[in-house]
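Asker: fold the following, please.
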Amino acid sequence: MANISTGNAAIDKELSALREDLAALRSDLAGLAASAGGAAAASGKAAYEKVKDQAAKAREEAARAAEAVGREIEARPLTSVAIAFGVGFLVGKLLDRR
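Answerer: A predicted model of the protein is given here:
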C-alpha cells in the first residue's frame with residue numbers, strides 16, 4: 001500500500017492506525033479460514049469413518065442373510081424350487097406385457 005502523507009499529523013496517525021487495523025484484520029481472517037478448513041476436514045473424516053463402519057455392518061448383515069437363505073434352501077429344496085419358479089413366472093408375465 002502506498003504511503004500517503006497529508007501533512008496533517010492527526011490524519012497521518014489515523015491513517016497509520018487504520019492500516020495496522022486492516023493488516024490485523026487480514027491476519028485474523030486468514031487464521032479463521034485456516035481454522036474453518038481444519039474443522040471441516042475433521043468433520044469430513046469423522047463422517048467418512050461413520051459411513052465406513054455402517055457399510056461394514058451392512059455387509060455383515062447381508063452375509064448372515066445369505067447364509068440363512070442358503071440353509072433354508074438346503075432344508076427345503078422342493079419348496080425353494082417352487083418359490084423360484086413362481087417368482088420367475090410372475091417376473092416373466094410382468095415383463096411380457098407390452
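Asker: C-terminal to the longest helix seen in the chain, which secondary structure element comes first?
Answerer: Secondary structure assigned by DSSP state H gives helix 9-75 as the longest helix of the chain. Using DSSP states H and E, the helix or strand that follows helix 9-75 towards the C-terminus is helix 77-96.
Asker: point out where this protein drops to low pLDDT.
Answerer: Residues of the chain that meet the criterion pLDDT under 70 lie in 1-7, 98.
Asker: mind redoing it with 90?
Answerer: 1-18, 21, 27-48, 69, 72-73, 96-98 (pLDDT under 90).
Asker: just the angle between the longest helix of the chain and helix 77-96, please?
Answerer: Interaxial angle of helix 9-75 relative to helix 77-96 (axes from the mean of the first three to the mean of the last three Cα atoms, to 10 degrees): 120 degrees.
Asker: where's helix 9-75 relative to the chain centroid, distance-wise?
Answerer: Centroid separation for helix 9-75 versus its chain: 8 Å, with Cα atoms, centre = their mean, to the nearest Å.
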